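S.K.: structure for the following, please:
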Amino acid sequence: MSSSERAEQLVTQPGNAQDGPLIVLAEDDEASRRGYGLILRHFGFRVVDADSGEDAIELMRVHRPDLVLMDIGLPVIDGWQASRIIKADSTLSSIPLVAFSGRIDGIADLRARSSFDGFIRKPVSPAELVRRVNAYLAFCRPGRDSGVGVRE
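M.R.: So this is what the prediction gives:
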């Protein structure tokens, strides 16, 4: 099987959400949170939802996720503030933190690169979301294959 066929297989076959990587999805827009959460769950990720930066930080402390997707424009504590709190906390700072926002422009892009481990611009297709999440998991946690969507 070619690498492009394997890459396509990663995003076209649903995984087993019971043992997939755990993602905290911090998104204040309920429809977006439900939609992106459904996509991630369909492809084998376990997802816990947060609708504010404060909730995301608390969920990170409780669940120790494999990755966090964080919107920038969250209420209570926005994504920028939450990223500073997370990166300053030695118990949370090793968890990959990915900005997940439609608000990323040139200046915000530079700021996101220094505050987050990466970013994904919304809107994003299901296939691209799964590809990018798998790539961040592989990059931020070397030697650990997420296995999401892989079927032999």
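
S.K.: mind listing what the residue nearest in space to the middle of the chain touches?
M.R.: For the chain, the residue nearest the mean C-alpha position is residue 69 (3.2 Å; CA atoms, centre = their mean). By CB atoms under 8 Å, 6 or more residues apart in numbering, the contact set of residue 69 is 23-27, 36, 98, 100, 120, 133. The way it works is simple: take the backbone N, C-alpha and C, and place the C-beta from them, glycine included.

S.K.: tell me which element it is part of?
M.R.: strand 67-70 (DSSP states H and E).

S.K.: next SSE after that strand?
M.R.: Trace forward from strand 67-70 with DSSP H and E and the next one is helix 79-88.

S.K.: convert the C-alpha atoms of the longest helix anywhere in the chain to CSV, please.
M.R.: For the chain, the helix with the greatest residue count under DSSP state H is helix 126-140. The C-alpha coordinates for helix 126-140 follow below in CSV (Å, rounded to 0.1, in the frame of the first residue of the first chain):
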residue,chain,number,x,y,z
PRO,A,126,-13.5,16.3,8.2
ALA,A,127,-10.6,14.7,6.3
GLU,A,128,-8.3,17.6,6.9
LEU,A,129,-9.2,17.8,10.6
VAL,A,130,-8.4,14.2,11.1
ARG,A,131,-5.1,14.5,9.1
ARG,A,132,-4.0,17.5,11.1
VAL,A,133,-4.9,16.0,14.5
ASN,A,134,-3.1,12.8,13.7
ALA,A,135,-0.1,14.9,12.5
TYR,A,136,0.0,16.9,15.7
LEU,A,137,-0.3,13.8,17.8
ALA,A,138,2.6,12.2,15.9
PHE,A,139,4.8,15.3,16.0
CYS,A,140,4.1,16.3,19.6
